[in-house]
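*Asks:* sequence and predicted structure below; questions after.
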Amino acid sequence: MSNKLTANIERIAAYTAEHAELLAAHHFLYDLRQPPSGTPRFVVMGVNPGETPYDWKISPKPTEETSRFDFHVALGGGRSAIRWSKAAKYFLDDSDYVLAELFFWSSRDSRAFNERFGRLATSKHLPLCVGMNRDLIDHYQPRAVVLPGLTNMPLVRKLYELTPLNVVKYQAARVAEHYTDGKRPWVFTKHWTAAFGFSKVQRELAREAVRAATI
């Protein structure tokens with residue numbers, strides 16, 4: 001782990017302690033390599049970490065998912081059974097990757113997010129996340145940044161100064177969109193763990209969109 005990313009993790013922990021609404025989150029996520037000793041080919045950027053009653057059970061106090069400490073591994077049953085990890089193996093063809101988030105702190109769902117933190121687009125904490133995510137991307141120099149979920153695409157495009165390239169559709173439905181930051185591809189796909197409306201054909205097209213971006 002680089003000195004810069006180590007310092008960023010320490011800064012996030014200190015920053016969290018300074019804000020009551022962030023301390024209400026179960027954990028923050030930043031620089032979580034999968035596998036921990038791997039060489040990430042992709043940065044996978046979600047909206048923010050999920051949060052479950054089981055998380056609070058195994059770690060009753062606020063904690064973290066980072067390269068220095070992953071509570072799922074240290075206190076729980078590991079990451080192999082986590083639905084998100086299984087999806088990443090599929091969409092990234094089992095490549096090494098590092099997890100990041102648009103917003104580092106956890107919530108149960110989008111409604112709980114708004115109740116705890118307010119709107120994502122106007123959050124006072126968002127600039128910190130953007131700066132540290134830029135550090136992470138600069139450090140790993142991934143082949144692509146992959147973002148599961150299309151909802152926040154306009155916000156991400158603005159925050160990270162992205163230029164559109166092309167759109168992948170299936171029967172008029174958007175499945176994936178390609179962008180660039182001038183150095184590497186950014187691929188937005190339909191959300192990997194969507195319960196409805198993400199057919200087998202669409203999932204395969206989304207995986208192919210990630211592959212095509214890295215050729």
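*Replies:* On my side now, so go ahead.

*Asks:* report pLDDT for the residue of the chain positioned farthest from its centre.
*Replies:* For the chain, the C-alpha lying farthest from the average C-alpha position belongs to Q171; by Cα atoms, centre = their mean, that distance is 27.7 Å. Q171 carries a pLDDT value of 89.

*Asks:* one more: the one 3 residues further on?
*Replies:* R174 carries a pLDDT value of 92.

*Asks:* how about it, what does it touch?
*Replies:* L150, V167, V168, K190 (Cβ atoms under 8 Å, 6 or more residues apart in numbering). All C-beta spots, glycine's among them, are computed from the backbone N, C-alpha and C.

*Asks:* ranges for the helices of the protein?
*Replies:* With DSSP state H as the criterion, the chain has helices at 3-17, 20-23, 53-58, 71-74, 83-91, 110-117, 126-140, 153-159, 200-213.

*Asks:* what does the second one contact?
*Replies:* Right, the one you point to is helix 20-23. Defining contact as Cβ under 8 Å, 6+ apart, one finds that helix 20-23 is touched by Y15, T16, A17, F28, P62, W105, R116, F117, H125.

*Asks:* just the CA atoms of the lowest-mean-pLDDT helix or strand in the chain, as PDB, please.
*Replies:* Lowest on mean pLDDT, DSSP states H and E among the helices and strands of the chain sits helix 83-91, with a mean of 87. Extracted as PDB, the C-alpha positions of helix 83-91 are listed here (Å, rounded to 0.1, in the frame of the first residue of the first chain):
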ATOM      1  CA  ARG A  83     -23.100 -11.100  -3.400                       C
ATOM      2  CA  TRP A  84     -21.200  -8.100  -4.700                       C
ATOM      3  CA  SER A  85     -18.000 -10.200  -4.800                       C
ATOM      4  CA  LYS A  86     -19.600 -12.900  -6.800                       C
ATOM      5  CA  ALA A  87     -20.900 -10.300  -9.300                       C
ATOM      6  CA  ALA A  88     -17.500  -8.700  -9.700                       C
ATOM      7  CA  LYS A  89     -16.000 -12.100 -10.600                       C
ATOM      8  CA  TYR A  90     -18.500 -12.400 -13.400                       C
ATOM      9  CA  PHE A  91     -18.400  -8.900 -14.900                       C
END
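
*Asks:* list only buried entries from the contacts of helix 20-23.
*Replies:* With burial judged by 16 or more other Cβ atoms under 10 Å, the buried subset of these is T16, F28, P62, W105, R116, F117, H125.

*Asks:* out of the residues you listed, flag the one nearest to L99.
*Replies:* Nearest to L99 among these, counting by Cβ to Cβ, is F28 at 11.7 Å.

*Asks:* quick check: L99 touching G46?
*Replies:* Yes: counting by Cβ atoms under 8 Å, L99 does reach G46; the two are 7.3 Å apart.

*Asks:* higher neighbour count, these two?
*Replies:* Between L99 and G46, counting by other Cβ atoms under 10 Å, L99 is the more crowded of the two (26 against 21).

*Asks:* ok, now which ones touch the more buried one?
*Replies:* L29, L32, R33, Q34, V44, M45, G46, E65.

*Asks:* any stretches of this structure with poor pLDDT?
*Replies:* Along the chain, the model assigns pLDDT under 70 to residues 1, 80-81, 195-196, 215.
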